[in-house]
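A.B. asks: Give me the fold of what follows.
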Amino acid sequence: MTDGDLLTVAEVADALRVSRMTVYRLVHSGELPAVRVGRSYRVPEGAAAAFLAAARTVPGTLPGAGPADEQRRAGSA
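C.D. replies: Sure, this is the predicted structure:
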């Protein structure tokens, strides 16, 4: 194992641009895999990268955000 294999909660929070509490919630809910070391959690680098990749959205795929939704709203107004 190299030094870069595990990230602290603070490092993950900085990388994802969220609070440490958000990272703890993701870890406790099982959405973000982590290893408990004593009283601390460490997140494998690959797990953080996979979580970020899975969280990506494609423009226009969110409900209410596509052209068909705009036409539907315009027609009902």
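A.B. asks: For Tyr24, give me its contacts.
C.D. replies: Under the criterion of Cβ atoms under 8 Å, 6 or more residues apart in numbering, the neighbours of Tyr24 are 9, 41. In this view, the C-beta of every residue, glycine as well, is placed from N, C-alpha and C.
A.B. asks: Find me the pLDDT at it, would you?
C.D. replies: Looking at Tyr24, its pLDDT reads 97.
A.B. asks: Could you tell me whether it really is in a helix?
C.D. replies: Yes: according to DSSP: H, G, I helix; E, B strand; the rest coil, the state of Tyr24 is that of a helix.
A.B. asks: Look up how far Gly60 lies from it.
C.D. replies: Tyr24 sits 33 Å away from Gly60, taking Cβ to Cβ, to the nearest Å as the criterion.
A.B. asks: What mean pLDDT does the biggest strand by length in the chain get?
C.D. replies: For the chain, the longest strand by residue count, based on DSSP state E, is strand 40-44. The pLDDT scores in strand 40-44 average 96.
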